[in-house]
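K.L.:
sequence first, then the predicted structure, then my questions.
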Amino acid sequence: MQALWVAVVALLCQAAWSPLVGGDPQTASPKTRHKKPGSTLAPSSQGTAQPKVASTITTSRTKQVKGTASPRTSSPGNFRTTTVASYGRKGLEQPPTTTSAKKMPLSTPRPTDNKAPKKSVRVKVIKKKVVKKKTKLSLQERMAKEASKCPPLGLESLRVRDSQLRSSSFKREGLGPHRGRLNIQSGIHDDDLYDGGWCAGHKDKKQWLEIDARRLTRFTGIITQGLNSIWTYSWVTSYKVQFSNDTHRWLPCKNGSEEAVFPGNKDPETPVLNPFPVPVVARYLRINPQTWFENGTICLRMEVLGCTVPDPNNIYLWDDLPVTNDKLDFRHHNYKDMRKLMKKVNDACPNITRVYSIGKSYQGLKMYVMEISDNPGHHEVGEPEFRYVAGMHGNEVLGRELVLNLMEYLCHEYKKGNPRIRRLVTETRIHLLPSMNPDGYETAYKLGSELSGWAMGRWTYEGFDLNHNFADLNTALWDAEDNDMVPHEFPNHYIPIPESYTFPNATVAPETRAVISWMQRYPFMLSANLHGGELVVTYPFDMTRTYWKAQELTPTADDAVFRWLATVYATSNLAMVEDDRRLCHYEDFMREGNIINGANWHTVPGSMNDFSYLHTNCFEITIELSCDKFPHESELPQEWENNKESLLLYMEQTRRGIKGIVRDKDTEEGIADAIISVDGINHDIRTAFDGDYWRLLNPGEYEVTAAAEGYHSVTRSCRVSYEDHPTVCDFRLTKTPKQRLREILSKGGKVPKDLVLRLRQLRLRKLRSQKRDQ
């Protein structure tokens, strides 16, 4: 009985298995039914024949190759799986085994039937593009990205007025709510009116700092810092946020159903951004500290992110008006974007622009310069050369963007036929260096305008402060003056660089070396160095004459000219001349017209301004453009309007003073390196390669002397007027007898008799004068 049941089960299994293995003979194709035995079966792992299963193999998007492939089979008692891959053309009689298939190329399979027609199948293999998977941002990162889409309200840039800030309490006036601005700096001493943040008068959880946005605003996030001070350490470690439309009913910022508590700072200086879980539309915002540094007190600085909401009933509608009509690229440009913009300007105005590099940074980024002139690439005799340098400190980025905007503006206006711009481009050779410290800028740019803090990116990659990295020529000059050696034994201009400074192992940044070489290569006569973090214009000297003093008035021989140059920029800058503007940090420059002697502000040994004045002909000032070192993109149009007229007017100062050419009287050729001295001013300049020169002077009457080695000096009176062009003072110098003799002898000629007699007379005069002196 048991044997009968086994036979029945075996028959049932065979009936169930046969469709899977051999297929139904009634439904099989004619070709399959009439094949020869063994011609349609591939050997299985157990030695039994298995049928082929027709398949279609897709090898490309455009071509399909029909072939056969054996299915994965497994026999009872054997758990191994065998996969046989078979590729071939239609009508292939015997598929290759697994081993032979691996050795055979895909395009030319070998048929087993020699009678079959030999046809090759061309298979098109397409390589798939490797797409890098985008890294998934965390929830906090996504929220921060969304929050950053709205600009800051303007606590740091001073767009938010002091009257818009209130607090529950404050320790004293110098720590009031008006000081709770991101990146605000304190003075050297605490306990004055200008401390570095807001500090509550009590240490409890009921304290708050409030801002009035003056209109409905979609608040998206908040950035905080601790107290800026060199004497105390205080910061908030956690806080809550509330919103209101009337300052009476306050709604808390919630994270779901619970009131959100945001993490604060871990040190006084690093900015921390906290995006709100959900943006909130309101007019007023309060920050309510919950915990703080255990050894400090409740102190903070902040910036609020938010987008204004259209409100027709708001009285501050002028905020929506466009601030400029110039169609410029108002955004922050990293190194790649800066190159693209400069190329774009060069392509738009190829007849008046040229882009060149003066060197590389430590990390290999090129320091590009845009030249703008009616004859780019060539120095024209009598045409002054001007330069703007920006980005000396990488995190002071406004100058960089203004210089890039200036390139665009000059190109656009020149093409439009603007007479002022056409005259400026025609009469001046302009050089614009937007980024002197590209490595530092990239560091600050990665963090962003609000999160880079006060100092991140200021220095080069190696850690150099470029404004302290130039050779100290001041000390050598002042030592020579103290010993009455100037100008007879020691020059009052073109002071040579100390040899130790030129050694390869000297602590000099490659960026500094590149700029010095640039200064020596072009005969610049006027320049400005664009910085940020204040609203003031400084002029040389930047280093105090008394070495141990931190501040001391240290004027140059051309102090009157420098004061004029600084005044020109300051009085035409819209932000500096605003009557009701507040102080940026702790110093009031408005009393002096927003200009100051650099050394009288703080001493800066090795500054570029002092080096430029003492080593070349170039007069250079420093312009602090804005309270905010790294303003948000939304601030750039207004900053352009604040500085546009100043930038143009300062370049036009190249027309002030005198200019001319010093020539050889016999050959009419220009004399290079001739010395131009002005009576009463203990600072000389030199002529350029072609004998041309430019000397900045205020209106007045001057006695000017031109002298050159081997020539008799010539003095003439030159009058500088108030007209919008320089006074032309040319000189023609006659060779001395000794110089004529040297030239004759160098050419192998004979000395004329009259020249010999004249030399004898000169010697006799010298002997007689010496006897009289004795």
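P.N.:
Okay, I see it.
K.L.:
which stretches of this protein have low pLDDT?
P.N.:
1-147, 315-322, 749-753, 755, 774 (pLDDT under 70).
K.L.:
if we use 80, what do you get?
P.N.:
Counting by pLDDT under 80, the chain shows low-confidence ranges at 1-148, 189-191, 311-323, 737-760, 762, 771-774.
K.L.:
and the residue nearest the centre of it?
P.N.:
A centroid search over the chain (Cα atoms, centre = their mean) returns residue 441, at 4.3 Å, as the residue closest to the centre.
K.L.:
hmm, that one is touching residue 457, no?
P.N.:
Yes - using Cβ atoms under 8 Å, residue 441 is in contact with residue 457, at 6.3 Å. (Each C-beta comes from the backbone N, C-alpha and C, glycine too.)
K.L.:
common neighbours of these two, please.
P.N.:
Listed as contacting both residue 441 and residue 457 by Cβ atoms under 8 Å, 6 or more residues apart in numbering are 394-395.
K.L.:
dump the residue contacts of residue 458.
P.N.:
Contacts of residue 458 (Cβ under 8 Å, 6+ apart): 393-396, 440, 465.
K.L.:
quick revisit: give me the nearest residue to the residue nearest to the centre of the chain, chain neighbours excluded.
P.N.:
residue 394 (4.1 Å; Cβ to Cβ, 6 or more residues apart in numbering).
K.L.:
could you measure the one you found against residue 362, distance?
P.N.:
12 Å (Cβ to Cβ, to the nearest Å).
K.L.:
more crowded one of the two?
P.N.:
Between residue 394 and residue 362, counted using other Cβ atoms under 10 Å, residue 394 has the larger neighbour count: 29 against 16.
K.L.:
for that one, what are its contacts?
P.N.:
Residues near residue 394 by Cβ under 8 Å, 6+ apart: 437-444, 457-460.
K.L.:
which element is it on?
P.N.:
Secondary structure assignment for residue 394, by DSSP states H and E: no helix or strand.
K.L.:
ok, now residue 387?
P.N.:
In the assignment (DSSP H and E), residue 387 maps to strand 385-390.
K.L.:
packing partners of that strand?
P.N.:
Secondary-structure packing of strand 385-390 (3 or more Cβ pairs under 8 Å, 6 or more residues apart in numbering; DSSP states H and E): helix 398-416, strand 429-433, strand 524-531.
K.L.:
got the domain boundaries for this structure?
P.N.:
Domain assignment of the chain by automatic domain parsing yields the ranges 1-26, 35-124, 139-320, 335-351+359-655, 658-735, 748-773.
K.L.:
quick one, helices of the stretch 501-650 of the chain?
P.N.:
510-521, 559-572, 598-601, 608-615, 636-651 (DSSP state H, counting those that start in this stretch).
K.L.:
got the contact list for the second one?
P.N.:
Okay, so that is helix 559-572. Residues outside helix 559-572 that contact it (Cβ under 8 Å, 6+ apart): 526, 528, 536-540, 555-556, 576-577, 593-595, 619, 621, 623, 645-646, 649-650, 653, 656-657, 696-698.
K.L.:
just the buried ones from those, in PyMOL syntax?
P.N.:
Selection of buried members from the contacts of helix 559-572 for PyMOL, criterion 16 or more other Cβ atoms under 10 Å:
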select buried, resi 526+528+536+537+538+539+540+555+556+576+593+594+595+619+621+623+646+650+653+656+657+696+697
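K.L.:
now, the contacts of helix 559-572 that are in strands?
P.N.:
Of the contacts of helix 559-572, the ones assigned to strands by DSSP state E are 526, 528, 536-539, 595, 619, 621, 623.
K.L.:
show me what contacts residue 443?
P.N.:
By Cβ under 8 Å, 6+ apart, the residues touching residue 443 are 394-395, 452, 456-457, 461.
K.L.:
repeat for residue 165
P.N.:
155, 177-178, 180, 209-212.
K.L.:
ok, so of those, who is nearest residue 673?
P.N.:
Distance to residue 673 across those (Cβ to Cβ) is lowest for residue 155, with 53.8 Å.
K.L.:
any idea how many residues pack against residue 339?
P.N.:
Residues within reach of residue 339, counting by other Cβ under 10 Å, total 15.
K.L.:
what of residue 256?
P.N.:
By other Cβ under 10 Å, 8 other residues sit near residue 256.
K.L.:
thinking again about what came up before, include distance to residue 544 when you put the contacts of residue 443 into CSV, please.
P.N.:
Formatted as CSV, the contacts of residue 443 follow (distance: Cβ to Cβ, whole Å):
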residue, distance to residue 544
394, 26
395, 26
452, 31
456, 29
457, 28
461, 30
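K.L.:
neighbour-wise, give me the winner out of those residues.
P.N.:
Compared across the contacts of residue 443, residue 394 has the highest neighbour count, 29 neighbours, by other Cβ under 10 Å.
K.L.:
quick one: that one and residue 465, what's the gap?
P.N.:
Residue 394 is 11 Å from residue 465, where distance means Cβ to Cβ.
K.L.:
shared neighbours of those two, anything?
P.N.:
458-459.
K.L.:
excluding chain neighbours, what is closest to residue 158?
P.N.:
Closest to residue 158 by Cβ to Cβ, 6+ apart is residue 627, at 5.5 Å.
K.L.:
now residue 384, nearest residue through space, not along the chain?
P.N.:
Nearest to residue 384 is residue 654, by Cβ to Cβ, 6+ apart, at 4.2 Å.
K.L.:
I'd say that neighbour and residue 382 touch.
P.N.:
No - when contacts are counted by Cβ under 8 Å, residue 654 is not listed as touching residue 382 (11.6 Å).
K.L.:
more neighbours: those two, which one.
P.N.:
In terms of neighbours (other Cβ under 10 Å), residue 654 is the more surrounded of residue 654 and residue 382; the figures are 22 against 18.
K.L.:
who touches the more buried one in this structure?
P.N.:
Residue 654 touches 384, 386, 427-428, 525-526, 694, 726, counting by Cβ under 8 Å, 6+ apart.
K.L.:
including distance to residue 271, could the residues you listed go into a markdown table?
P.N.:
Output for the contacts of residue 654, formatted as a markdown table (distance: Cβ to Cβ, whole Å):
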| residue | distance to residue 271 |
| --- | --- |
| 384 | 43 |
| 386 | 37 |
| 427 | 46 |
| 428 | 41 |
| 525 | 42 |
| 526 | 38 |
| 694 | 46 |
| 726 | 49 |
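K.L.:
which of these are buried, as a ChimeraX select command?
P.N.:
A single ChimeraX command selects the buried members of those (16+ other Cβ under 10 Å):
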select :384,386,427,428,525,526,694,726
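K.L.:
related to what we said a few turns ago, tell me which of the domains of the chain sits nearest to residue 328.
P.N.:
domain 335-351+359-655 (4.8 Å).
K.L.:
make sure residue 719 is indeed in a strand.
P.N.:
Yes - checked against DSSP: H, G, I helix; E, B strand; the rest coil, residue 719 lies within a strand.
K.L.:
how about it: what's its closest non-neighbour residue?
P.N.:
residue 701 (5.3 Å).
K.L.:
next: residue 153.
P.N.:
That would be residue 304: by Cβ to Cβ, 6+ apart, it lies 4.8 Å from residue 153.
K.L.:
what's the burial count for the one you found?
P.N.:
23.
K.L.:
for the lengthiest strand in the chain, packing partners?
P.N.:
Taking DSSP E as the criterion, the chain has its longest strand at strand 272-292. Applying 3+ Cβ pairs under 8 Å, 6+ apart, one finds that strand 272-292 contacts helix 139-147, strand 209-225, strand 236-244, strand 254-255, strand 262-263, strand 299-308.
K.L.:
please state the offset of the fourth one from the chain centre?
P.N.:
I take that to be strand 254-255. Centroid separation for strand 254-255 versus its chain: 38 Å, with Cα atoms, centre = their mean, to the nearest Å.
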